[in-house]
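Engineer: Model the structure of this input:
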Amino acid sequence: MSAERLLELARRAGVTVATAESCTGGLIAGAITEVPGSSDIFDRGFVTYSNAAKTEMLGVDPALIEAHGAVSEEVASAMAEGALARSGAALAVSVTGIAGPGGSEHKPEGRVCFGLARTGAETQVETVEFGAKGRHAVRAATVAHALELLIRALS
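Structural biologist: The predicted structure follows:
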């Protein structure tokens with residue numbers, strides 16, 4: 001399982017991790033903390049489902065949300081940077097997306113924006129189109145991808 005690999009790599013690097021989650025509602029933090037010993041590397045998780053929570057807990061500028069929408073690489077970047085700044089972690093991942101059902105022409109179901117912030121490095125962002133495969137499948141794919149991003153950052 002990738003959470004076990006993350007634990008191994010983060011321990012080896014002496015790095016702690018934080019998460020900032022919207023569409024997954026804490027599932028990434030849950031996957032990490034499912035692994036025994038995860039307290040060695042997991043600092044905290046922010047579940048910021050609403051725009052107000054993104055602003056209050058992570059410091060995301062409301063004007064950024066207004067200009068780009070909550071599901072955007074700009075907001076994903078700000079979420080990851082906010083999690084990094086508001087935690088003791090050296091590495092933070094963020095996710096914001098449309099798990100479904102629903103979506104729109106401009107923001108379809110299955111679109112998820114990811115942010116990866118690391119102390120001393122430029123924040124990385126990417127958008128993945130998982131497709132309209134159902135809420136559960138989109139959320140599961142998002143968790144797996146977020147863990148892979150963390151693993152790649154430590155490899």
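
Engineer: biggest helix in this structure by residues?
Structural biologist: Ranked by residue count and defined by DSSP state H, the top helix of the chain is helix 135-154.

Engineer: How about residues contacting that one?
Structural biologist: For helix 135-154, the external contacting residues (C-beta atoms under 8 Å, 6 or more residues apart in numbering) are 2-3, 5-6, 9-10, 12-13, 15, 17, 19, 23-25, 27-28, 31-32, 91, 93, 95, 97-101, 109-110, 112, 114, 116, 118, 124, 128, 130, 133. Quick note: C-beta positions are derived from backbone N, CA and C, even for glycine.

Engineer: Show me how far that helix is from its chain's centre.
Structural biologist: Computed by C-alpha atoms, centre = their mean, to the nearest Å, the chain-centroid distance of helix 135-154 equals 8 Å.

Engineer: Sitting in helices, which of the contacts of helix 135-154 do you find?
Structural biologist: If you go by DSSP H, the contacts of helix 135-154 have S2, A3, R5, L6, L9, A10, R12, A13, L27, I28, A31, I32 in helices.

Engineer: check contacts around the first one.
Structural biologist: Listed by C-beta under 8 Å, 6+ apart, the contact set of S2 reads A144, L147, E148, I151.

Engineer: ok, and the most crowded of the residues you listed?
Structural biologist: Of all the contacts of S2, L147 has the most neighbours under the rule other C-beta atoms under 10 Å, reaching 21 neighbours.

Engineer: Distance check, that residue against G115.
Structural biologist: The gap separating L147 from G115 is 14 Å, by C-beta to C-beta, to the nearest Å.

Engineer: any idea how far the residue most central in space within the chain lies from L7?
Structural biologist: Central residue of the chain (C-alpha atoms, centre = their mean): S94, 2.1 Å from the mean position. Separation of S94 from L7 (C-beta to C-beta): 20 Å.

Engineer: Also S155?
Structural biologist: Here S155 is placed at a distance of 14 Å from L7 (C-beta to C-beta).

Engineer: got it, and S38?
Structural biologist: Applying C-beta to C-beta, the value for S38 to L7 is 6 Å.
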